[in-house]
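Student: Sequence first, then the predicted structure, then my questions.
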Amino acid sequence: MTWLVFFLLVGSGEAGKVGSFNFLVPLIAIVTSVLFLGETITSKLVAGLFLIIAGIALVNLKLKFLQKGNK
């Protein structure tokens, strides 16, 4: 499912921007395991997910900042 979304996004945007969303694979895997396998969410898991999302946000903000600086 994750790869399908990835290739749809690559088809509609720049591969460099979309590439950072590969880090969402663990998030999607955890949400799927919680929904379908009954896994429990722990505080370490939430902290790790927060770090993943923060990393994606920082990469995308940096790309936008660099693009504005080049213009």
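Tutor: Received, thanks. Because the structure is a prediction, the values reported are computed rather than measured. Numbering: from 1, shown residues only.
Student: hey, let's count contacts and neighbours off CA atoms from now on
Tutor: Noted.
Student: Enumerate every residue touching residue 33.
Tutor: residue 39 (Cα atoms under 8 Å, 6 or more residues apart in numbering).
Student: Is it within a helix or a strand, and which one?
Tutor: helix 25-37 (DSSP states H and E).
Student: What mean pLDDT does that helix get?
Tutor: On average, the pLDDT along helix 25-37 is 86.
Student: Stretch 53-62 now?
Tutor: 78.
Student: How far does stretch 55-64 sit from its chain's centre?
Tutor: From the chain centre to the centre of stretch 55-64 is a distance of 11 Å (Cα atoms, centre = their mean, to the nearest Å).
Student: residues of that stretch that come out buried?
Tutor: 56, 60 (16 or more other Cα atoms under 10 Å).
Student: likewise stretch 44-57?
Tutor: For stretch 44-57, by 16+ other Cα under 10 Å, it's 49, 52, 56.
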